[in-house]
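Enquirer: The following comprises the amino acid sequence and a computationally predicted model.
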Amino acid sequence: MPFGGVGELTSPDDVKKLTAHPIKKSRMEVVTVHLMGTARMGGDRARAVSDPHGLVYDAERLMVADASLFPTPIGVNPAETISALATRNAHYVIENRRRFLT
């Protein structure tokens, strides 16, 4: 449980449990999950879902531009890498816009 001693919250009314009793910081658990690697990019379509620019193999004009492109989870906050990949892919679309407009 992210908040020790509160129990499961199953409805909006249960949120009152969070404010009814102060929770010590030592009883809080903060967890985030970054899903990665579900549409891995690569030059070998037998081992990757998308090409090196995030274009999904066998799906015309479908591009992925998030952490799904990573071959595996990277173990750190992926925000900067995701931004770089998305920017790179956007440049690719702009430079090859005719390919995407037909």
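Expert: Thanks, I have the structure now.

Enquirer: Arg98 belongs to a helix?
Expert: Yes: counting by DSSP: H, G, I helix; E, B strand; the rest coil, Arg98 is found in a helix.

Enquirer: Count the neighbours of it for me.
Expert: Arg98 has 7 neighbours, counted by other Cβ atoms under 10 Å. Just so you know, the C-beta spots here come from the backbone N, C-alpha and C atoms, and that holds for glycine as well.

Enquirer: do you know how far it is from Arg61?
Expert: From Arg98 over to Arg61 the distance is 12 Å, taken as Cβ to Cβ, to the nearest Å.

Enquirer: Surely Leu9 and Lys17 touch.
Expert: Yes: with contact defined as Cβ atoms under 8 Å, Leu9 reaches Lys17; the gap is 6.8 Å.

Enquirer: what's the pLDDT at Arg47?
Expert: At Arg47, the model reports a pLDDT of 93.

Enquirer: For it, the count of nearby residues, please.
Expert: A count of nearby residues for Arg47, using other Cβ under 10 Å, gives 9.

Enquirer: now swap in the one 3 residues further on and tell me
Expert: Other residues near Ser50 number 22, with proximity taken as other Cβ under 10 Å.
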